[in-house]
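K.L.:
just coords:
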């Protein structure tokens, strides 16, 4: 449990820093793969993804051998972060009709906590079928590829549209 709680702080803090790294880099394209390049909901999903992947790599060196469900637990937690952010964001903006920074920040923290706590539950559950770990790793790799591709070639959908610029992705 302590690893997952430390993970909440690590992912939240690193994700907050990644919000600004693209702009601070002067708009370097490789930095954009890991950072938010605009104020779209999709770009904010990356702020939880990359820190969670990094923390999972760090954590695996310490606890992976203590569980048989490590990869599927981490993959589930990683997928729950953007799902939770999306549900909270679209729910509250549909009800209120506008965005509030404090709710967006809190939704990020809540999403990271949900991801880490569900990950913990899976880590401490009975042994899952071994193939689920391979599936989990594949799903994380697929999401990493999607973040990379959609940074440069996002679909012209509201999820990918920057709320401030009205543009899409890094190449506008």
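P.N.:
Cool, got the structure. Owing to the predicted nature of the structure, the values given are computational and were not obtained by experimental measurement.

K.L.:
from here on, just use CA atoms for contacts and neighbour counts.
P.N.:
Fine.

K.L.:
can you pull out the low-pLDDT segments for this structure?
P.N.:
In the predicted model of the chain, residues 171-172 satisfy pLDDT under 70.

K.L.:
what about the strands in it?
P.N.:
Applying DSSP state E to the chain gives no strands.

K.L.:
mind naming the longest helix for it?
P.N.:
helix 70-96 (DSSP state H).

K.L.:
what packs against it?
P.N.:
Where contact means 3 or more Cα pairs under 8 Å, 6 or more residues apart in numbering; DSSP states H and E, helix 70-96 is packed against helix 41-63, helix 101-123, helix 131-152.

K.L.:
report the buried residues of it.
P.N.:
70-82, 84-86, 88-89, 92 (16 or more other Cα atoms under 10 Å).

K.L.:
same deal with stretch 100-109?
P.N.:
Those would be 104, 107-109, for stretch 100-109 by 16+ other Cα under 10 Å.

K.L.:
contact partners of stretch 52-61?
P.N.:
Contact partners of stretch 52-61, identified using Cα atoms under 8 Å, 6 or more residues apart in numbering, comprise 3, 7, 10-11, 70, 74, 78.

K.L.:
quick one: that stretch to chain centroid distance?
P.N.:
Centroid separation for stretch 52-61 versus its chain: 13 Å, with Cα atoms, centre = their mean, to the nearest Å.

K.L.:
flag every buried residue along it.
P.N.:
For stretch 52-61, using 16+ other Cα under 10 Å, the buried residues are 52-53, 55-56, 59.

K.L.:
ok, those residues vs residue 36, which is closest?
P.N.:
Of all the buried residues of stretch 52-61, residue 36 sits closest to residue 52, with 15.2 Å by Cα to Cα.
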